[in-house]
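Undergrad: Below is the structure, and that's it, no one-letter string:
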């Protein structure tokens, strides 16, 4: 039987940051599905640490931690050395570099990065708003949005909107359909930035055809007709140009790349 690899994650807060770091690192290697992760959040007392160390001794492996209390850290590191196990402080390198650059010591406050502050609740509100304003729904209060995405069908409007919402931006989106023009309110918005999403017609046809196949629908319809798709894309381009809306070409971009480009546009407008 293959030897299991144990990974112990110790955090003095929720452990969300630490878990994401571990996931990102493990994704760089093959055959890590069998890694046994032991998740230990809210480690804030020596008695709690003692119980964890007993499990570490029974299941030896790498220890990855984010602990700011010096005494707790020292005890963990000493015990790991005695067990001949690696103990890695996940944020130390970045924190030390920032400390040197900023000329100040980091504040040793457990869970400081996850305080339930206004930014957290703003992100939750953004996600709720975005879900409620997908695909042209609730156009009457688009003015409350930070961003409105417009684009023909299958230009990744919904996933891009959700990604932006997770970054704290209230995002609405609407499909551009020549036979069904968007409401007039779209052209009079003052607060949100309207961004047009565009893509190469040939690529769009391929994406749409795959979508039809996944739904077991006929692969040859007007939805994927070359001339109609080209006309649809041209119609959207004219609309974006006539209204002087910024345009993001998503043909070769991932969702993350498209969202980053949109955020840059928002930041540029805020700095004008």
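TA: Alright, I've got the coordinates. Only a predicted model underlies this, so the values are computations on that prediction, with no experimental measurement involved.

Undergrad: name the helices or strands packed onto the helix or strand harbouring residue 148?
TA: Assigned by DSSP states H and E, residue 148 falls within strand 147-151. Contacts defined by 3 or more CB pairs under 8 Å, 6 or more residues apart in numbering; DSSP states H and E place strand 147-151 against helix 157-166, strand 171-175, strand 193-198, helix 226-242, helix 255-271. All C-beta atoms are positioned from the backbone trio N, CA, C, and that covers glycine.

Undergrad: who's in contact with the shortest one?
TA: This points to strand 171-175. 126, 129-130, 133-136, 138-139, 142, 145-153, 157-158, 160-162, 164-165, 182, 186, 192 (CB atoms under 8 Å, 6 or more residues apart in numbering).

Undergrad: List only buried entries from these.
TA: 126, 129-130, 133-134, 136, 139, 142, 145-153, 157-158, 160-162, 164-165, 182, 186, 192 (16 or more other CB atoms under 10 Å).

Undergrad: mind giving me the domain ranges of this structure?
TA: Split into domains by automatic domain parsing, the chain comes to 6-114, 118-271.

Undergrad: export the ones you listed to CSV and tack on mean pLDDT?
TA: Shown next, in CSV, are these (pLDDT from 0 to 100):
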stretch, mean pLDDT
domain 6-114, 87
domain 118-271, 93
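
Undergrad: Tell me which of those sits most buried.
TA: Neighbour counts (mean count of other CB atoms under 10 Å) averaged over each of the domains of the chain peak at domain 118-271, with a mean of 16.

Undergrad: on that earlier part again, which of the helices and strands packed on strand 147-151 sits closest to residue 71?
TA: helix 157-166 (36.0 Å; CB to CB).

Undergrad: got the contact list for the closest one?
TA: Against helix 157-166 from outside (CB under 8 Å, 6+ apart): 123, 126-127, 129-131, 134-135, 147, 149-151, 171-175, 197, 250, 255-256, 258-259, 262-263.

Undergrad: how about 7 Å then?
TA: The contact list for helix 157-166 (CB atoms under 7 Å, 6 or more residues apart in numbering) reads 123, 126-127, 130, 134-135, 147, 149, 151, 171, 173, 197, 255-256, 258-259, 262.

Undergrad: what about the helices in the protein?
TA: Assigned helices in the chain, in chain order: 16-26, 46-58, 70-82, 92-102, 118-132, 157-166, 201-214, 226-242, 255-271 (criterion: DSSP state H).

Undergrad: Distance of the residue nearest in space to the middle of the chain relative to residue 147?
TA: In the chain, the centroid-proximal residue (CA atoms, centre = their mean) is residue 163; its distance is 5.2 Å. Distance, residue 163 to residue 147, using CB to CB, to the nearest Å: 11 Å.

Undergrad: same question, residue 102
TA: Residue 102 is 31 Å from residue 147, by CB to CB.

Undergrad: before we move on, what about residue 88?
TA: Applying CB to CB to residue 88 and residue 147 gives a distance of 38 Å.

Undergrad: Next: residue 72.
TA: For residue 72 relative to residue 147 (CB to CB), the value is 43 Å.

Undergrad: and if you look at residue 184?
TA: Taken as CB to CB, the span from residue 184 to residue 147 is 19 Å.

Undergrad: and if you look at residue 230?
TA: From residue 230 over to residue 147 (counting by CB to CB), the distance is 27 Å.

Undergrad: Same check on residue 101?
TA: 32 Å.

Undergrad: before we move on, back to that, could you export the helices and strands packed on strand 147-151 to JSON lines, including columns for distance to residue 35?
TA: Below are those laid out as JSON lines (distance: least, CB to CB, whole Å):
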{"stretch": "helix 157-166", "distance to residue 35": "26"}
{"stretch": "strand 171-175", "distance to residue 35": "35"}
{"stretch": "strand 193-198", "distance to residue 35": "38"}
{"stretch": "helix 226-242", "distance to residue 35": "45"}
{"stretch": "helix 255-271", "distance to residue 35": "25"}
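
Undergrad: Quick one, which of these gets closest to residue 62.
TA: Nearest to residue 62 among the helices and strands packed on strand 147-151 is helix 255-271; the distance by CB to CB comes to 28.4 Å.

Undergrad: Thanks again, I'm all set now.
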